[in-house]
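Visitor: Okay, sequence plus prediction incoming.
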Amino acid sequence: MRYVLLAAVFAAWVVAAASPAAAKTPAIKSCGSTITASGSYVLSRNLVGRPGNTGGCINVSASHVTIDLAGYNIDCQSNGQHGIAVAAGKSDVTIRNGTISQCDEGISADGATGLWLEGVLTLDNNSHGIRVGANSTVVRCLSYGNVGYGIMAQCPSNVQSSVAVANYNPFYLNGVGCYTESITP
Amino acid sequence: MSSFFKWALGVIAAAGLWSGAADAATAIKACGAQIDAPGSYVVTANLTVRSGGGDCITVNSNYVTIDLGGFTIDCAGQNVSGITDLTVNYHGVVVRNGKITRCAKGLYLASRAILVDGVATVANQAGMYLGNSGNLVTRSISNDNTGSMTIVRDGIFLECPSAAVENTALGNTYQSIRTDQAGCVLTSNLAP
(Lines give C-alpha, C1' and ligand atoms only; values in the text may rest on other atoms or scores of the structure.)
Protein backbone atom coordinates (compact mmCIF):
# COMPACT_ATOMS: atom_id res chain seq x y z
CA MET A 1 0.00 0.00 0.00
CA ARG A 2 2.80 2.36 0.94
CA TYR A 3 4.47 1.90 -2.42
CA VAL A 4 1.24 2.39 -4.30
CA LEU A 5 0.80 5.74 -2.54
CA LEU A 6 4.42 6.59 -3.20
CA ALA A 7 4.01 5.87 -6.90
CA ALA A 8 0.81 7.91 -7.08
CA VAL A 9 2.38 10.95 -5.41
CA PHE A 10 5.45 10.78 -7.61
CA ALA A 11 3.32 10.42 -10.76
CA ALA A 12 1.21 13.43 -9.78
CA TRP A 13 4.36 15.46 -9.21
CA VAL A 14 5.81 14.50 -12.58
CA VAL A 15 2.58 15.38 -14.39
CA ALA A 16 2.32 18.72 -12.59
CA ALA A 17 5.91 19.63 -13.34
CA ALA A 18 5.63 18.67 -17.00
CA SER A 19 2.26 20.31 -17.73
CA PRO A 20 2.06 23.59 -19.63
CA ALA A 21 0.59 25.26 -16.55
CA ALA A 22 3.76 24.42 -14.72
CA ALA A 23 5.82 26.34 -17.25
CA LYS A 24 6.24 29.17 -14.80
CA THR A 25 5.47 32.64 -16.05
CA PRO A 26 7.66 35.03 -14.09
CA ALA A 27 5.58 37.07 -11.70
CA ILE A 28 6.18 40.78 -11.19
CA LYS A 29 5.57 41.61 -7.56
CA SER A 30 6.98 45.08 -6.96
CA CYS A 31 7.81 48.43 -8.56
CA GLY A 32 11.36 48.82 -9.79
CA SER A 33 11.31 45.61 -11.80
CA THR A 34 13.37 45.48 -15.00
CA ILE A 35 12.68 42.98 -17.75
CA THR A 36 15.88 42.15 -19.56
CA ALA A 37 14.90 38.97 -21.43
CA SER A 38 12.25 38.18 -24.01
CA GLY A 39 9.24 36.27 -22.72
CA SER A 40 5.95 36.44 -20.89
CA TYR A 41 5.47 38.15 -17.54
CA VAL A 42 2.44 38.54 -15.30
CA LEU A 43 1.55 40.75 -12.38
CA SER A 44 0.53 38.86 -9.30
CA ARG A 45 -0.61 41.82 -7.20
CA ASN A 46 -1.18 45.57 -7.30
CA LEU A 47 2.07 47.52 -7.61
CA VAL A 48 2.61 50.76 -5.70
CA GLY A 49 5.30 53.33 -6.41
CA ARG A 50 7.49 54.66 -3.61
CA PRO A 51 9.33 57.94 -3.20
CA GLY A 52 12.75 57.68 -4.81
CA ASN A 53 11.68 55.22 -7.48
CA THR A 54 13.04 56.31 -10.85
CA GLY A 55 12.44 55.23 -14.42
CA GLY A 56 9.37 53.07 -14.59
CA CYS A 57 7.55 50.96 -12.08
CA ILE A 58 8.24 48.28 -14.70
CA ASN A 59 11.15 48.85 -17.06
CA VAL A 60 11.39 46.90 -20.30
CA SER A 61 14.83 46.69 -21.83
CA ALA A 62 14.22 43.73 -24.13
CA SER A 63 12.20 43.08 -27.28
CA HIS A 64 9.53 40.36 -27.70
CA VAL A 65 8.00 40.80 -24.25
CA THR A 66 4.41 40.26 -23.10
CA ILE A 67 3.21 41.75 -19.82
CA ASP A 68 -0.17 40.60 -18.54
CA LEU A 69 -1.32 43.01 -15.87
CA ALA A 70 -3.91 40.37 -14.90
CA GLY A 71 -6.48 42.94 -13.88
CA TYR A 72 -4.19 44.53 -11.31
CA ASN A 73 -3.34 48.20 -10.86
CA ILE A 74 -0.01 49.97 -11.07
CA ASP A 75 -0.34 53.09 -8.93
CA CYS A 76 2.75 55.30 -8.86
CA GLN A 77 1.12 57.57 -6.28
CA SER A 78 2.53 60.63 -8.07
CA ASN A 79 6.10 59.76 -7.16
CA GLY A 80 7.36 60.73 -10.59
CA GLN A 81 8.06 57.46 -12.34
CA HIS A 82 6.34 56.07 -15.40
CA GLY A 83 4.04 53.10 -15.06
CA ILE A 84 5.73 50.97 -17.71
CA ALA A 85 8.77 52.35 -19.52
CA VAL A 86 9.96 50.61 -22.67
CA ALA A 87 13.50 51.46 -23.72
CA ALA A 88 14.15 53.16 -27.05
CA GLY A 89 14.97 50.80 -29.88
CA LYS A 90 13.03 47.86 -28.43
CA SER A 91 10.14 46.32 -30.33
CA ASP A 92 7.31 43.80 -30.14
CA VAL A 93 6.12 44.51 -26.61
CA THR A 94 2.56 43.55 -25.61
CA ILE A 95 0.81 45.00 -22.56
CA ARG A 96 -2.70 43.88 -21.66
CA ASN A 97 -5.49 43.79 -19.12
CA GLY A 98 -4.88 46.19 -16.26
CA THR A 99 -4.87 49.74 -14.92
CA ILE A 100 -2.09 52.30 -14.56
CA SER A 101 -2.71 55.38 -12.44
CA GLN A 102 -1.00 58.41 -10.92
CA CYS A 103 2.28 57.86 -12.76
CA ASP A 104 4.20 60.35 -14.89
CA GLU A 105 3.41 58.71 -18.22
CA GLY A 106 1.24 55.64 -17.85
CA ILE A 107 2.97 53.76 -20.66
CA SER A 108 6.13 55.48 -21.85
CA ALA A 109 7.34 53.91 -25.08
CA ASP A 110 7.88 56.74 -27.50
CA GLY A 111 11.19 55.38 -28.76
CA ALA A 112 10.05 51.78 -29.03
CA THR A 113 8.18 50.30 -31.98
CA GLY A 114 5.61 47.64 -32.62
CA LEU A 115 3.78 47.73 -29.31
CA TRP A 116 0.43 46.02 -28.79
CA LEU A 117 -1.73 47.48 -26.05
CA GLU A 118 -5.05 45.83 -25.32
CA GLY A 119 -7.52 46.36 -22.49
CA VAL A 120 -5.32 48.83 -20.63
CA LEU A 121 -6.76 51.72 -18.61
CA THR A 122 -4.52 54.73 -17.98
CA LEU A 123 -6.09 57.04 -15.42
CA ASP A 124 -5.12 60.18 -13.57
CA ASN A 125 -1.51 60.17 -14.70
CA ASN A 126 0.51 63.35 -14.39
CA SER A 127 1.57 63.42 -18.04
CA HIS A 128 0.34 61.32 -20.95
CA GLY A 129 -1.71 58.18 -20.53
CA ILE A 130 -0.28 56.14 -23.39
CA ARG A 131 2.74 57.12 -25.49
CA VAL A 132 3.94 54.65 -28.09
CA GLY A 133 6.25 54.64 -31.07
CA ALA A 134 5.47 53.73 -34.66
CA ASN A 135 3.97 50.48 -35.93
CA SER A 136 1.97 50.09 -32.74
CA THR A 137 -1.58 48.89 -32.10
CA VAL A 138 -3.79 50.29 -29.36
CA VAL A 139 -7.12 48.52 -29.03
CA ARG A 140 -9.89 48.54 -26.44
CA CYS A 141 -8.00 50.93 -24.18
CA LEU A 142 -9.31 53.74 -21.98
CA SER A 143 -7.43 56.88 -21.12
CA TYR A 144 -9.15 59.16 -18.63
CA GLY A 145 -8.18 62.16 -16.57
CA ASN A 146 -4.53 62.38 -17.59
CA VAL A 147 -2.79 65.74 -17.39
CA GLY A 148 -1.26 65.28 -20.87
CA TYR A 149 -2.63 63.53 -23.92
CA GLY A 150 -4.80 60.50 -23.49
CA ILE A 151 -3.17 58.49 -26.26
CA MET A 152 -0.07 59.54 -28.24
CA ALA A 153 1.27 57.47 -31.09
CA GLN A 154 3.90 57.88 -33.75
CA CYS A 155 2.52 57.04 -37.18
CA PRO A 156 1.99 54.66 -38.77
CA SER A 157 0.07 53.07 -35.92
CA ASN A 158 -3.38 51.62 -35.46
CA VAL A 159 -5.67 52.99 -32.75
CA GLN A 160 -9.06 51.29 -32.54
CA SER A 161 -12.06 50.97 -30.25
CA SER A 162 -10.53 53.16 -27.61
CA VAL A 163 -11.76 56.04 -25.48
CA ALA A 164 -9.80 59.11 -24.38
CA VAL A 165 -11.90 61.46 -22.28
CA ALA A 166 -11.19 64.23 -19.78
CA ASN A 167 -7.50 64.47 -20.63
CA TYR A 168 -5.64 67.67 -21.57
CA ASN A 169 -6.21 66.51 -25.14
CA PRO A 170 -7.59 63.16 -26.24
CA PHE A 171 -5.33 61.91 -29.05
CA TYR A 172 -2.11 62.99 -30.70
CA LEU A 173 -1.08 60.99 -33.73
CA ASN A 174 2.22 62.28 -35.02
CA GLY A 175 3.06 61.92 -38.70
CA VAL A 176 1.23 60.24 -41.53
CA GLY A 177 -0.24 56.82 -42.00
CA CYS A 178 -2.06 56.30 -38.71
CA TYR A 179 -5.35 54.42 -38.85
CA THR A 180 -8.11 55.14 -36.40
CA GLU A 181 -11.55 53.61 -35.99
CA SER A 182 -14.16 53.85 -33.27
CA ILE A 183 -12.25 56.22 -31.07
CA THR A 184 -13.87 58.67 -28.67
CA PRO A 185 -14.12 61.58 -28.89
CA MET B 1 2.23 10.98 11.65
CA SER B 2 4.38 8.34 10.05
CA SER B 3 7.61 9.33 8.41
CA PHE B 4 6.21 8.15 5.11
CA PHE B 5 3.28 10.55 5.23
CA LYS B 6 5.56 13.40 6.31
CA TRP B 7 7.69 12.64 3.28
CA ALA B 8 4.63 12.49 1.01
CA LEU B 9 3.38 15.86 2.27
CA GLY B 10 6.83 17.29 1.64
CA VAL B 11 6.75 16.08 -1.95
CA ILE B 12 3.34 17.64 -2.50
CA ALA B 13 4.54 20.96 -1.08
CA ALA B 14 7.61 20.87 -3.30
CA ALA B 15 5.45 20.24 -6.35
CA GLY B 16 3.45 23.37 -5.52
CA LEU B 17 6.59 25.46 -5.40
CA TRP B 18 7.85 23.94 -8.61
CA SER B 19 4.68 24.88 -10.43
CA GLY B 20 5.34 28.46 -9.44
CA ALA B 21 1.72 29.20 -8.67
CA ALA B 22 1.27 32.98 -8.82
CA ASP B 23 -0.76 34.86 -6.24
CA ALA B 24 -4.37 34.40 -7.25
CA ALA B 25 -6.81 37.21 -7.84
CA THR B 26 -9.36 37.57 -5.10
CA ALA B 27 -12.11 35.01 -5.63
CA ILE B 28 -15.80 35.92 -5.46
CA LYS B 29 -17.75 32.82 -4.51
CA ALA B 30 -21.15 34.15 -3.49
CA CYS B 31 -23.47 37.10 -3.93
CA GLY B 32 -23.21 39.85 -1.36
CA ALA B 33 -19.57 40.52 -2.23
CA GLN B 34 -18.21 43.97 -1.35
CA ILE B 35 -15.13 45.15 -3.24
CA ASP B 36 -13.45 47.73 -1.04
CA ALA B 37 -9.93 47.93 -2.51
CA PRO B 38 -8.30 48.25 -5.94
CA GLY B 39 -7.25 45.04 -7.58
CA SER B 40 -8.19 41.98 -9.54
CA TYR B 41 -11.27 39.95 -8.65
CA VAL B 42 -12.51 36.78 -10.31
CA VAL B 43 -15.81 34.97 -10.01
CA THR B 44 -15.27 31.27 -9.46
CA ALA B 45 -18.83 29.90 -9.62
CA ASN B 46 -22.29 30.76 -10.84
CA LEU B 47 -23.75 33.25 -8.36
CA THR B 48 -27.42 33.41 -7.41
CA VAL B 49 -29.08 36.03 -5.25
CA ARG B 50 -30.95 34.29 -2.47
CA SER B 51 -34.47 35.27 -1.51
CA GLY B 52 -34.34 38.60 0.29
CA GLY B 53 -30.72 39.14 -0.66
CA GLY B 54 -29.16 42.41 -1.82
CA ASP B 55 -27.07 43.33 -4.83
CA CYS B 56 -24.78 40.55 -5.93
CA ILE B 57 -21.46 42.44 -6.29
CA THR B 58 -20.93 45.96 -4.98
CA VAL B 59 -17.93 48.06 -6.05
CA ASN B 60 -16.70 50.50 -3.41
CA SER B 61 -13.31 51.43 -4.89
CA ASN B 62 -11.39 52.83 -7.86
CA TYR B 63 -9.23 50.64 -10.13
CA VAL B 64 -11.15 47.41 -9.91
CA THR B 65 -11.20 44.56 -12.44
CA ILE B 66 -13.93 41.94 -12.17
CA ASP B 67 -13.47 38.85 -14.31
CA LEU B 68 -16.73 36.93 -14.30
CA GLY B 69 -14.80 33.88 -15.38
CA GLY B 70 -17.48 32.85 -17.84
CA PHE B 71 -19.95 32.37 -14.99
CA THR B 72 -23.47 33.79 -14.57
CA ILE B 73 -24.88 36.16 -11.99
CA ASP B 74 -28.57 35.31 -11.56
CA CYS B 75 -30.65 37.68 -9.47
CA ALA B 76 -33.60 35.28 -9.65
CA GLY B 77 -36.03 38.04 -10.49
CA GLN B 78 -35.44 40.08 -7.37
CA ASN B 79 -35.26 43.87 -7.30
CA VAL B 80 -31.47 44.07 -7.05
CA SER B 81 -28.44 44.71 -9.27
CA GLY B 82 -25.96 42.20 -10.60
CA ILE B 83 -23.01 44.57 -10.25
CA THR B 84 -23.36 48.10 -8.88
CA ASP B 85 -21.35 50.93 -7.38
CA LEU B 86 -24.42 52.24 -5.59
CA THR B 87 -24.15 55.26 -7.92
CA VAL B 88 -20.95 56.48 -6.26
CA ASN B 89 -18.52 58.14 -8.64
CA TYR B 90 -15.49 55.85 -8.68
CA HIS B 91 -13.32 55.39 -11.75
CA GLY B 92 -11.35 52.71 -13.52
CA VAL B 93 -13.72 49.74 -13.32
CA VAL B 94 -13.41 46.78 -15.68
CA VAL B 95 -16.03 44.04 -16.02
CA ARG B 96 -15.39 41.21 -18.43
CA ASN B 97 -16.27 37.72 -19.51
CA GLY B 98 -19.61 36.53 -18.13
CA LYS B 99 -23.37 36.83 -17.97
CA ILE B 100 -25.86 38.70 -15.78
CA THR B 101 -29.51 37.72 -15.85
CA ARG B 102 -32.89 38.19 -14.14
CA CYS B 103 -31.80 41.30 -12.24
CA ALA B 104 -33.60 44.62 -11.95
CA LYS B 105 -30.39 46.21 -13.21
CA GLY B 106 -27.75 43.96 -14.66
CA LEU B 107 -24.84 46.35 -14.64
CA TYR B 108 -25.64 49.54 -12.76
CA LEU B 109 -22.64 51.87 -12.45
CA ALA B 110 -22.22 55.60 -12.08
CA SER B 111 -18.44 55.50 -12.11
CA ARG B 112 -16.26 56.96 -14.88
CA ALA B 113 -13.84 55.21 -17.20
CA ILE B 114 -15.53 51.83 -17.22
CA LEU B 115 -14.54 49.07 -19.63
CA VAL B 116 -17.15 46.37 -20.27
CA ASP B 117 -15.79 43.62 -22.48
CA GLY B 118 -17.43 40.31 -23.28
CA VAL B 119 -20.39 40.66 -20.92
CA ALA B 120 -23.94 39.47 -21.65
CA THR B 121 -26.85 41.09 -19.83
CA VAL B 122 -29.92 39.08 -20.73
CA ALA B 123 -33.52 39.11 -19.45
CA ASN B 124 -33.04 41.78 -16.85
CA GLN B 125 -35.27 44.82 -16.48
CA ALA B 126 -32.35 47.03 -17.56
CA GLY B 127 -29.22 45.55 -19.09
CA MET B 128 -26.31 47.95 -18.66
CA TYR B 129 -26.60 51.44 -17.21
CA LEU B 130 -23.35 53.42 -17.27
CA GLY B 131 -24.35 56.79 -15.90
CA ASN B 132 -21.09 58.67 -16.22
CA SER B 133 -18.72 59.39 -19.10
CA GLY B 134 -15.54 57.93 -20.53
CA ASN B 135 -16.73 54.36 -20.91
CA LEU B 136 -16.26 51.64 -23.50
CA VAL B 137 -18.70 48.76 -23.98
CA THR B 138 -17.38 46.26 -26.49
CA ARG B 139 -17.91 42.70 -27.68
CA SER B 140 -20.94 42.44 -25.39
CA ILE B 141 -24.59 41.43 -25.61
CA SER B 142 -27.63 43.03 -24.06
CA ASN B 143 -30.77 41.18 -25.13
CA ASP B 144 -34.37 40.69 -24.01
CA ASN B 145 -34.31 43.20 -21.18
CA THR B 146 -37.85 44.16 -20.32
CA GLY B 147 -37.40 47.88 -19.64
CA SER B 148 -40.19 48.03 -17.12
CA MET B 149 -38.62 50.72 -14.93
CA THR B 150 -38.35 54.42 -15.62
CA ILE B 151 -35.01 55.95 -16.72
CA VAL B 152 -33.01 52.77 -16.12
CA ARG B 153 -34.63 50.52 -18.67
CA ASP B 154 -32.51 50.18 -21.81
CA GLY B 155 -30.44 47.41 -23.26
CA ILE B 156 -27.37 49.65 -22.95
CA PHE B 157 -27.38 53.18 -21.61
CA LEU B 158 -24.30 55.36 -22.00
CA GLU B 159 -23.53 58.82 -20.71
CA CYS B 160 -21.42 60.58 -23.34
CA PRO B 161 -18.68 60.85 -24.33
CA SER B 162 -18.37 57.09 -24.35
CA ALA B 163 -18.25 54.34 -26.95
CA ALA B 164 -20.10 51.16 -27.81
CA VAL B 165 -18.33 49.00 -30.37
CA GLU B 166 -19.12 45.54 -31.68
CA ASN B 167 -22.10 44.80 -29.46
CA THR B 168 -25.45 43.13 -29.97
CA ALA B 169 -28.60 44.57 -28.37
CA LEU B 170 -31.75 42.83 -29.54
CA GLY B 171 -35.22 42.19 -28.20
CA ASN B 172 -35.14 44.90 -25.59
CA THR B 173 -38.52 46.41 -24.78
CA TYR B 174 -37.23 49.96 -24.57
CA GLN B 175 -34.17 51.21 -26.49
CA SER B 176 -31.37 48.94 -27.61
CA ILE B 177 -28.63 51.50 -27.04
CA ARG B 178 -29.50 54.90 -25.59
CA THR B 179 -27.09 57.77 -25.10
CA ASP B 180 -27.27 61.00 -23.18
CA GLN B 181 -25.43 64.21 -24.12
CA ALA B 182 -23.01 64.54 -27.06
CA GLY B 183 -19.86 62.80 -28.12
CA CYS B 184 -20.68 59.11 -28.02
CA VAL B 185 -19.34 56.82 -30.73
CA LEU B 186 -21.50 53.84 -31.66
CA THR B 187 -19.98 51.62 -34.31
CA SER B 188 -20.34 48.07 -35.55
CA ASN B 189 -23.26 47.31 -33.24
CA LEU B 190 -26.30 45.21 -34.09
CA ALA B 191 -28.81 47.37 -32.25
CA PRO B 192 -31.96 48.26 -34.16
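Guide: Sure, I can see it.
Visitor: what is the mean pLDDT for stretch A:52-65?
Guide: If you average the pLDDT over stretch A:52-65, you get 93.
Visitor: How far does it stretch from one end to the other?
Guide: Start and end residues of stretch A:52-65 are separated by 26 Å (C-alpha to C-alpha, to the nearest Å).
Visitor: List the contacts of it.
Guide: The contact list for stretch A:52-65 (C-beta atoms under 8 Å, 6 or more residues apart in numbering or on different chains) reads A:28, A:31-41, A:47, A:49, A:67, A:74, A:76, A:79-87, A:90-94, A:103, A:108-109, A:112. C-beta: built from backbone N, CA, C; applies to glycine.
Visitor: Give the burial count for residue 139, as a bare number.
Guide: No chain was given, so I picked chain A. 19 (other C-beta atoms under 10 Å in any protein chain shown).
Visitor: should've been chain B
Guide: Neighbours of residue B:139 using other C-beta under 10 Å come to 17.
Visitor: Residue A:164 touches residue A:183, doesn't it?
Guide: Yes: in this structure residue A:164 lies within contact range of residue A:183 using C-beta atoms under 8 Å: 7.2 Å.
Visitor: any low-confidence regions in chain A?
Guide: Residue ranges of chain A with pLDDT under 70: A:1-23.
Visitor: Roughly how far does the residue nearest the centre of it sit from chain B?
Guide: Centroid-nearest residue in chain A: residue A:95, 3.5 Å away (criterion: C-alpha atoms, centre = their mean). With distances taken as C-beta to the nearest C-beta, to the nearest Å, residue A:95 is found 14 Å from chain B.
Visitor: so that residue is in which element?
Guide: For residue A:95, the element it lies in under DSSP states H and E is strand A:91-101.
Visitor: Direction included, what does the helix or strand just after that strand pair against?
Guide: As assigned by DSSP H and E, the chain's next helix or strand after strand A:91-101 is strand A:107-109. When pairs are called by DSSP bridges, strand A:107-109 turns out to pair with strand A:82-86 (parallel), strand A:130-132 (parallel).
Visitor: Could you tell me which residues make contact with residue B:190?
Guide: B:167-170.
Visitor: Including secondary structure and distance to chain A, could these go into CSV?
Guide: Converted to CSV, these look like this (DSSP: H, G, I helix; E, B strand; the rest coil; distance: C-beta to the nearest C-beta, whole Å):
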residue, secondary structure, distance to chain A
B:167, coil, 11
B:168, strand, 15
B:169, coil, 16
B:170, coil, 20
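Visitor: Among the residues you listed, which one sits closest to residue B:177?
Guide: Among the contacts of residue B:190, residue B:169 lies closest to residue B:177 (C-beta to C-beta), at 5.4 Å.
Visitor: What about the closest one, how many residues nearby?
Guide: Neighbour number of residue B:169 under other C-beta under 10 Å is 27.
Visitor: hang on, the earlier thing: buried only: go through the contacts of stretch A:52-65 for me.
Guide: A:28, A:31-33, A:35, A:41, A:47, A:49, A:67, A:74, A:76, A:79, A:81-87, A:90-94, A:103, A:108-109, A:112 (16 or more other C-beta atoms under 10 Å in any protein chain shown).
Visitor: one step back: now do the shared contacts for residue A:164 and residue A:183.
Guide: Here residue A:164 and residue A:183 share the contacting residues A:170-171, scored by C-beta under 8 Å, 6+ apart.
Visitor: Those two: which is more packed in?
Guide: Higher neighbour count among residue A:164 and residue A:183: residue A:164, with 28 against 23, using other C-beta under 10 Å.
Visitor: Look up the closest residue to the more buried one, ignoring the ones flanking it.
Guide: Of all residues not flanking residue A:164 in the chain, residue A:150 sits nearest, at 2.8 Å (C-beta to C-beta, 6 or more residues apart in numbering or on different chains).
Visitor: give the contact list for that neighbour.
Guide: Residues in contact with residue A:150 (C-beta under 8 Å, 6+ apart) are A:122, A:128-130, A:143-144, A:164-165, A:167, A:169-171.
Visitor: Make sure it is indeed in a strand.
Guide: Yes: under DSSP: H, G, I helix; E, B strand; the rest coil, residue A:150 falls within a strand.
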